[in-house]
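Q: Sequence plus the predicted model coming up.
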Amino acid sequence: MKKTVLTFTLAASVLALGACSNDSAADNEVIATSKVGDITQNDLYEEMKASIGDQAFQLLMIEKVLSSKYKVTEDEVNAQLEADKKQYGDSFESMIAQQGYTESSYKKYLELNLMQEKALVEDVDVTEEEVKAEYENIKNEIKARHIVVEDEETAKKAKAEIESGKDFAEVAKEYSIEQAAQTTGGDLGWFNKSTNMDEKFLEGAFALEKNVLSDPIQSSFGYHIIEVTDKREIKESYEDKKAELEKQLKLEKADTSTLLTKVAKMMKDADIKIKDEDLKTALDEFLNAADTPAPTETDADKTTEDADSSTEENK
């Protein structure tokens with residue numbers, strides 16, 4: 001899942017720090033005993049505060065202020081969790097473990113990320129026409145494989161070898177400058193017109209019939225020989241995909257720099273009083289941002305004009 005601009009890496013230790021009680025009696029609760037000494041909850045708190053205190057405190061306050069206005073349901077979190085599991089497949093468990101998550105703490109991360117997304121797209125509009133156009137881009141998918149080389153002559157040579165009967169994957173491993181080809185044989189799997197690929201590559205690939213080798217197609221990466229091995233249309237209707245596509249387009253349009261300003265203002269309005277001296281300055285970045293006015297369009301235009309004038313003077 002794509003991280004929004006204010007989301008930190010939520011290790012289990014950060015979440016555990018948030019669970020530490022401020023109750024003085026609980027502070028001295030022994031959480032481990034040994035022959036060499038006990039460890040209290042306060043010992044753990046102080047150690048964690050020293051190592052990740054500012055980051056954890058910022059994280060917890062971001063969560064507090066965002067949750068006061070932007071509600072995320074358990075169904076929304078679970079839906080995103082299932083989407084991530086589908087995306088990463090069998091590697092999901094190892095992926096979250098490498099980042100210090102359990103499934104429970106990963107859901108906490110998802111909840112915060114979804115709150116940030118709601119804040120980010122709050123004032124962003126997309127038209128029905130834009131959503132429909134995006135659906136047209138994603139409704140048809142192709143499965144393809146390719147060989148990419150540095151020049152057109154080599155691309156033609158690779159194509160000729162396939163046409164003479166050589167296995168596509170073996171030719172890809174021999175010729176392709178794409179490192180992944182050594183394990184994939186040039187297989188790209190399924191993709192649509194909105195997939196993050198070179199525009200000329202996508203245009204050439206979607207113009208092909210099944211099981212027909214392309215002529216060399218030039219992209220920003222080199223010259224490709226492409227073969228489309230299958231085609232399909234997604235099962236979801238426009239109405240099924242509309243909400244997802246609308247959210248996706250809003251996130252693409254959103255100016256992520258506005259999120260810091262928005263959260264900063266919410267923090268200032270919350271009138272936060274920090275009692276722990278060690279954390280007194282943890283929120284300064286946010287509170288200072290609340291006092292810094294965002295540049296207006298007029299200011300931006302003036303800056304551009306000044307830069308242009310300076311350029312002219314230096315010619």
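A: Arrived safely.
Q: Residue 64 belongs to a helix?
A: Yes - Residue 64: assigned to a helix according to DSSP: H, G, I helix; E, B strand; the rest coil.
Q: Please save the CA atoms from whichever strand or helix holds residue 239 in PDB.
A: Secondary structure assigned from DSSP states H and E places residue 239 in helix 238-253. Taking C-alpha atoms only, helix 238-253 is exported to PDB below (Å, rounded to 0.1, in the frame of the first residue of the first chain):
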ATOM      1  CA  TYR A 238     -18.000   0.400 -13.800                       C
ATOM      2  CA  GLU A 239     -20.300   0.800 -10.800                       C
ATOM      3  CA  ASP A 240     -18.300  -1.900  -8.900                       C
ATOM      4  CA  LYS A 241     -15.000   0.000  -9.500                       C
ATOM      5  CA  LYS A 242     -16.300   3.600  -9.400                       C
ATOM      6  CA  ALA A 243     -15.500   4.400  -5.800                       C
ATOM      7  CA  GLU A 244     -12.100   2.800  -5.900                       C
ATOM      8  CA  LEU A 245     -11.100   4.600  -9.100                       C
ATOM      9  CA  GLU A 246     -12.500   7.900  -7.800                       C
ATOM     10  CA  LYS A 247     -10.300   7.600  -4.700                       C
ATOM     11  CA  GLN A 248      -7.300   6.600  -6.700                       C
ATOM     12  CA  LEU A 249      -7.700   9.600  -9.000                       C
ATOM     13  CA  LYS A 250      -8.100  12.000  -6.100                       C
ATOM     14  CA  LEU A 251      -4.900  10.700  -4.500                       C
ATOM     15  CA  GLU A 252      -3.000  11.200  -7.800                       C
ATOM     16  CA  LYS A 253      -4.300  14.800  -8.000                       C
END
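Q: packing partners for the next helix or strand after that helix?
A: Under the assignment DSSP H and E, the closest C-terminal helix or strand after helix 238-253 is helix 257-269. Using 3 or more CB pairs under 8 Å, 6 or more residues apart in numbering; DSSP states H and E, the elements in contact with helix 257-269 are helix 41-67, helix 103-121, helix 284-291. In this view, the C-beta of every residue, glycine as well, is placed from N, C-alpha and C.
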